[in-house]
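Visitor: give me coordinates for this.
(chains A and B, ligands or ions: 1)
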Amino acid sequence: MQHAPTIDPGHETSTGIDNRKLLMWLFLASEVLFFGGLIGTYLLYRNSSVAPPCPTDCVFDGVTYQGLFDIPFTSISAFVLLMSSVTMVLALAAIQRNNKRGLGIWLLATALLGMTFLAGQAFEFTEFYHEGLTLNTNLFGTTFFVLTGFHGAHVSVGVLLLVSMFIVSQRNDWTKEHSLNVELLGLYWHFVDIVWIVIFTLVYLIQT
Amino acid sequence: MSGAVIGQQRPTIGEALRRIRLEAATYHGVWSWIATVDHKRIGLMYGATAFVFFLVGGVEALIIRLQLARPDASLVDPDQFNRLFTMHGTTMVFLVVMPLSAAFFNLLVPLMIGARDVAFPRLNAFSYWVFLTGGLFMTASFFTGNPAGAFFEGHLGAPDGGWFGYAPLTSTQFSQGTGIDFWAFGLLILGVSSMAGGFNFIVTIINMRAPGMTLFRMPVFVWMTLATSFLIIFAMPIITVALFQLLFDRLFGGVFFSVADGGTPLLWQHMFWLFGHPEVYILILPAMGIVSEILPTFSRKPLFGYPFVVFSGLAIAFMSWGVWAHHMYTTGLGTTANAAFGVATILISVPTGIKIFNWLGTMWGGSIKINTPLLFSVGFIAMFTIGGLTGVMHSMVPSDYQQQDTYFVVAHFHQVLVGGALFGLFGGIYYWFPKFSGRLLNEKWGQLHFWTMFVGFNLTFQPMMILGLLGMPRRISSYSDGLGWGFWNMMATAGAFLIAFSVVAFIVNVVVSMRSRERVGGDPWDGRTLEWAIPSPPPAYNFATIPTVKALDDFWNTKYVENEAGIPVPVVADGANGDDEEDAGHGIHLPSPSVLPLIAALGPVFIATGFIYHGNPWLLPLIPVGAVTTLVGLYGWALEPVTE
Ligand SMILES: [Cu+2]
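Guide: Reported below is the predicted structural model:
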């Protein structure tokens, strides 16, 4: 999106790095701490729940409860999000070649993949809910929903920005001059994607 | 970025916003402040707002001191007492010292690095408006925190969990009403403001320096702003997570801090202090930067060991991440952890000590001019040293076991935050007041202010050291006669009122000085840094021509050269203020004023109110209302052209 004025348009910055790009990197750096706190909390409380259900099979009072995680399903939605990073790269490549139409197509593709991921998350949350897991059921419920919920919120913001950029870019004459906007949104999108890879690995795949 | 307003044929939201913005651009008076994106005006608004909150936090402190002046007092009940000390701490940290520092960042950083504004002027305005709305929201909890009407029955609704908000004191079980919710949402909102400011100042300092202004030619204050900003952008996300967890527990039945569900309240303490200790340096580094500017000017010598001051500041910022558990020795972390954090804490006092010696070295052999800014700076060094030394005492685990939760700790942190941070900030106000008002603050009132504050400060907090050693616990609303605490408490209360008197003297000083007809030029103190090279008050565009910097203390070097004996002698042709003619600013493009940052900043308090009262069908819709307000503000902001 277009924001962030430099006082002297065209005036070189001290480092040569664009102000907005530096801002985005700093923002993402602080986001690392945000997700670090959430993921850290999840890991701290892993296997600490005093009531079922659990992410994997667990036993309470001699009764075995089936684990909730559906790794194949979540692997597919993780793959979808991963692919959306590819389409994001293609969007940037398109506008760098002055291809406004290509930009539009790939932005839309990225947004659709993001929405598919969100739909997968909504489905997963509903499934868990029907199997008895809510925010207040146990530590697993609280930490899981808050962590993945905040990640989902970040994806939603990304989708909103992708759609907005699609509209603005197609209604105006975007050329490679505008590629920085796409690059910045790309940075954000890749970051959110990477965070999911970390969450998927630490929360879903590695079970101790 | 032209013509990006969506749907130009029909009047749309974008069009409507554009009209509001144009209107604001043409308005004068109040509107020109509401829509301003000028870093100097934003800085002044930060300062004025923080000062009002300072009076609020001060009144809270005076009520606390009145209550504790005598044994068995009943001016306020224990419940009200809890709310008062919680709000006193929260207000002074988040609504006074941090925004006062932000005021100085805003006023000074662009001038000191030779820039026309910060990197993101509208983001800067947004930071201020979010701070204002968040601060008002937090303070409103006095009236709104309890169920409607309760206030009029003599019950304040403010948060009651301490500024540290330890779990499980903040759980719905132990803190009914909505005070804690206001506190948590208030801190979240204020965090947005701080982080936006942090990003902005890092980018500004890294990217907006004038030609030749290399990093090691930057004034120490700019370095300290940079270090503080990095601390802010990395510390705030951690408290943000903790506050969200608290709110999920309180509002939606989460179990993050619930022991019955297998959770641990210590999680909160770890998160809070992982934020909280860097926060301590967020509060003190700006004041250290200010003092590092004042001392060289009035000693008429360069700062002694500039690289050491810079690197020790960076070392402090870096090491502040590895000491948080010194707040948690008595929670049972174990001997190894306690020893490790004890050693780290002792080590962090080394760079602090280096700074103190550098300040002393700066004054050593200088031709010192004693006036109010210098007095506050020297007062800062003396009081901060005592505060630092008592801090070293706390780093020793066995010693800390003894002092934990006593008034000794209260004395310690007021020693660094009042005797340190606040003295430094007041010194800065006296030093830079002429730059932004064109008038000197009155020296007689200034010295009265300093001396009454200095005596009052010591009379308040040194007795607290004794009280702590006598075993008086923190956060008690009254104590029995016969414990031997009455005398020292009475002294502390007398001291607190002397501080209040000194603040009145300061207010009188500002009023008297603003009415004075005497004006000063651009460089009343014979300063060393770039801000003194331009007129007072500076024109909107700051520098008619962007300066080219050739050395550290470049402005000084344009005025003086050293003779063979190393003594500075004035350069004969003094053209210090020559290049800023009245109409020199024509043709300089400045960012246009905008009300959109303010509109975007209004949303969060609506959203927070909606969540706090989400059981109320009338207030629940405030969530979408707030979200739409902020979205409209942000989208309008993103799509509006930057300059006319
Ligand atoms: Cu600490």
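Visitor: show me the strands in chain A, by range?
Guide: A:58-60, A:63-65 (DSSP state E).
Visitor: do the first one and chain B meet?
Guide: No: Strand A:58-60 does not reach chain B (CB under 8 Å from any CB of the partner chain); its nearest approach is 12.1 Å. C-beta coordinates here come from the backbone N, C-alpha and C atoms, glycine included.
Visitor: other SSEs contacting that strand?
Guide: strand A:63-65 (3 or more CB pairs under 8 Å, 6 or more residues apart in numbering or on different chains; DSSP states H and E).
Visitor: and A:Leu107, what does it touch?
Guide: A:91, A:162, A:165-166, A:169, A:182 (CB atoms under 8 Å, 6 or more residues apart in numbering or on different chains).
Visitor: could you do B:Leu111 as well?
Guide: B:435, B:530-531, B:534, B:538, B:542.
Visitor: buried residues in the longest helix seen in chain A?
Guide: Ranked by residue count under DSSP state H, the longest helix found in chain A is helix A:139-171. Buried residues in helix A:139-171, counting neighbours by 16 or more other CB atoms under 10 Å in any protein chain shown, are found at A:139-148, A:151-152, A:154-155, A:158-159, A:161-166, A:168-169.
Visitor: from the residues you listed, list the ones also adjacent to chain B.
Guide: A:139, A:141-143, A:146, A:164, A:168.
Visitor: tell me which two of those residues sit farthest apart.
Guide: A:Leu139 and A:Val168 (43.3 Å; CB to CB).
Visitor: just name the most buried of the strands of chain A.
Guide: Among the strands of chain A, strand A:58-60 has the highest mean neighbour count (mean count of other CB atoms under 10 Å in any protein chain shown), at a mean of 13.
Visitor: which helix or strand contains the closest residue in space to B:Thr49 that isn't next to it in sequence?
Guide: Leaving out its chain neighbours, the residue that sits closest to B:Thr49 by CB to CB, 6 or more residues apart in numbering or on different chains is B:Leu132, at 5.7 Å. Element membership for B:Leu132, per DSSP states H and E: helix B:121-144.
Visitor: how about low-confidence regions in chain B?
Guide: B:1-27, B:145-155, B:572-587, B:641-644 (pLDDT under 70).
Visitor: go again using 80 as the cut-off
Guide: B:1-29, B:144-156, B:562-568, B:571-590, B:640-644 (pLDDT under 80).
Visitor: and for chain A?
Guide: Ranges of chain A meeting pLDDT under 80: A:1-12, A:208.
Visitor: most remote residue from the middle of it, which is it?
Guide: Centroid-distance maximum for chain A: A:Gly62 at 38.7 Å, with CA atoms, centre = their mean.
Visitor: center of chain B, which residue is that?
Guide: B:Met98 (1.4 Å).
Visitor: ok, that one - contacts?
Guide: Per CB under 8 Å, 6+ apart, neighbours of B:Met98: B:190, B:194, B:282-283.
Visitor: go on, B:Phe606?
Guide: By CB under 8 Å, 6+ apart, the neighbours of B:Phe606 are B:622-623, B:625-626, B:629.
Visitor: can you pick the most crowded of these?
Guide: Greatest neighbour count in the contacts of B:Phe606, by other CB atoms under 10 Å in any protein chain shown, goes to B:Leu622: 22 neighbours.
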